[in-house]
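Visitor: Got a predicted model here, sequence first, then my questions.
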Amino acid sequence: MTIDELRARRAQLVQQVRALIDAAQGRDLTEDEERQVGDLQNQAGAAQRRIEIEARQLELERQRAQSELNPSTPEPGRSTGDAAERSRLMAAGLRSYLLGQPLPEECRNLEPISDALSVQLRAMGVNVGAEGAFLIDPLDLVRREVLEAVNPLRRLCTVEPTDGPNPLPVMIESDVAVGEMMREGDEAGEDNFAGDKLRTSIGVLYHSKVVRISRGYLDFVNGAESRIVDRLTRRIERGFLRSVLTNTLPTGPRGLIPSTTVGRTTATGQTGTVLYDDYVELLGSLAPEYQTSSTFLVSPRALTEARKLKSQDGFPLFNRDGLAGGAAGTILDRPYALCADLETVAAGKVPILCGDTSEIVLRDASPLIIIRLAELYAKRFQVGFVAFRYHDAYLAVDQAMRSLKMAS
């Protein structure tokens, strides 16, 4: 079977599992239904492994064919480790595309980070017409620290690039059963995985909104292409972070604020401040295995309130040395990250999350797709640009994160 056929087969299996689960309508699955679900999930897993093997084999065959065709010269843009050269070629190709010029010969073989996107989408990458698109890995033209400044979760969470936005089955773990000591000759007790949920991760399309740029700016400003990519990428990254934290729609990531279990609710009437004890209780609400690897995610207002906390002697508990005399840049000796889209400190809001952020998976399901709108704004002597990218995110282990909720 081809990769496309395997992907279609995997998606069909995932849909069959979902149909069985939905048909139960909240009741426990029967033994026969559990057996069917297990069998279908095993088949989906086998199909995924086949896809990965086939993708690796195709890549090896492509590399071998290229080396046989030109054994002495590395293919332009297919790096031998020279990231600077790849970025130079990417910038040259992008600039030609933005200006509506033919793609330079040296950039013809430059491909985005994912070779497994559909043939149709990849073909658009060398189309310099108004209907085409240019595909890039944002890190080719945008520094990683720029992305992390917009979305701090990128340096804390697990980032998972995938071959396109195809549906992927993922298991959300919720089991907390504890194994037991036994005497030799006794039978092991039974306790099936409790609370685990099979979820389908589907890449959701994000856009940057259309921007209009003067043709003179493109023609005469050195490095205009990098600035354009930087700003379009930042816009999409801001939207992605917001949905990771707050989304309540049936499509896209399950927002961490509405879906994370509340670990601490402030005292009745305490709606404008977060106390030292609230941080202690929130951290303590995590299972011990996640406390030592936890990170506080705080809103700007929550961080301001933390810096106001004082001891009985009037000394700040939070200062450059950390909260309660801990290590610098920490709260209760655990690192923290400022997230602008977390809620403010107010009644019923969630201004703080705490947990093992490595269990949050950010899925980059496509390169950045930039489309040039040459004719739409031509009468204004302007060119329009819009960028798209597929993303998804999910919390792989429910117990890994807890939230602080203000009293209503």
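Guide: Looks like it came in fine. Numbering: from 1, shown residues only.

Visitor: Only C-alpha atoms from now on, for both contacts and neighbour counts.
Guide: Noted.

Visitor: Could you report the neighbour count for the closest residue to residue 217 other than its chain neighbours?
Guide: Distance criterion CA to CA, 6 or more residues apart in numbering; nearest residue to residue 217, sequence neighbours excluded, is residue 224 at 7.3 Å. The local packing of residue 224 (other CA atoms under 10 Å) involves 16 other residues.

Visitor: show me the contacts for residue 224.
Guide: Shown in contact with residue 224 (CA atoms under 8 Å, 6 or more residues apart in numbering): 95, 217, 218.

Visitor: Which stretches in the stretch 301-408 of the chain count as helices?
Guide: Here the stretch 301-408 of the chain has no helices by DSSP state H, counting those that start in this stretch.

Visitor: swap in the stretch 151-300 of the chain?
Guide: 215-220, 224-246, 256-259, 276-284, 288-291, 300-308.

Visitor: Could you provide these in JSON lines, with additional columns for distance to residue 154?
Guide: Shown next, in JSON lines, are those (distance: least, CA to CA, whole Å):
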{"stretch": "helix 215-220", "distance to residue 154": "31"}
{"stretch": "helix 224-246", "distance to residue 154": "9"}
{"stretch": "helix 256-259", "distance to residue 154": "15"}
{"stretch": "helix 276-284", "distance to residue 154": "22"}
{"stretch": "helix 288-291", "distance to residue 154": "19"}
{"stretch": "helix 300-308", "distance to residue 154": "18"}
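
Visitor: picking up where we left off before, ok, of the contacts of residue 224, which come out buried?
Guide: By neighbour count, with 16 or more other CA atoms under 10 Å, the contacts of residue 224 hold 95, 218 as buried.

Visitor: Closest to residue 12 out of the contacts of residue 224?
Guide: Residue 12 lies nearest to residue 95 out of these, by CA to CA, at 41.2 Å.

Visitor: for the stretch 1-150 of the chain, what are the low-confidence residue spans?
Guide: 59-83, 103, 107-134, 139-140 (pLDDT under 70).

Visitor: For residue 87, find the nearest of the helices of the stretch 151-300 of the chain.
Guide: Of all these, helix 224-246 sits nearest to residue 87, with 10.2 Å by CA to CA.

Visitor: Output the closest one as PDB, restricted to C-alpha atoms.
Guide: Written as PDB, here are the backbone C-alpha positions of helix 224-246 (Å, rounded to 0.1, in the frame of the first residue of the first chain):
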ATOM      1  CA  ALA A 224      12.200  43.000   3.500                       C
ATOM      2  CA  GLU A 225      11.400  39.300   3.000                       C
ATOM      3  CA  SER A 226      12.700  38.400   6.500                       C
ATOM      4  CA  ARG A 227      10.700  41.200   8.100                       C
ATOM      5  CA  ILE A 228       7.500  40.000   6.300                       C
ATOM      6  CA  VAL A 229       8.000  36.300   7.400                       C
ATOM      7  CA  ASP A 230       8.900  37.500  11.000                       C
ATOM      8  CA  ARG A 231       5.700  39.400  11.300                       C
ATOM      9  CA  LEU A 232       3.400  36.900   9.700                       C
ATOM     10  CA  THR A 233       4.900  34.100  11.800                       C
ATOM     11  CA  ARG A 234       4.400  36.100  15.000                       C
ATOM     12  CA  ARG A 235       0.700  36.700  14.100                       C
ATOM     13  CA  ILE A 236       0.100  33.000  13.600                       C
ATOM     14  CA  GLU A 237       2.100  32.000  16.700                       C
ATOM     15  CA  ARG A 238       0.000  34.500  18.800                       C
ATOM     16  CA  GLY A 239      -3.200  32.900  17.600                       C
ATOM     17  CA  PHE A 240      -1.900  29.400  18.100                       C
ATOM     18  CA  LEU A 241      -0.900  30.200  21.700                       C
ATOM     19  CA  ARG A 242      -4.300  31.800  22.500                       C
ATOM     20  CA  SER A 243      -6.200  28.700  21.200                       C
ATOM     21  CA  VAL A 244      -3.900  26.400  23.200                       C
ATOM     22  CA  LEU A 245      -4.800  28.200  26.400                       C
ATOM     23  CA  THR A 246      -8.400  29.300  25.800                       C
END
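
Visitor: Could you check that helix and say which residues are buried?
Guide: For helix 224-246, the neighbour count (16+ other CA under 10 Å) marks 224-226, 228-230, 232-238, 240-246 as buried.

Visitor: Could you do stretch 29-48 as well?
Guide: For stretch 29-48, by 16+ other CA under 10 Å, it's 37, 40, 41, 43, 44, 45, 47, 48.
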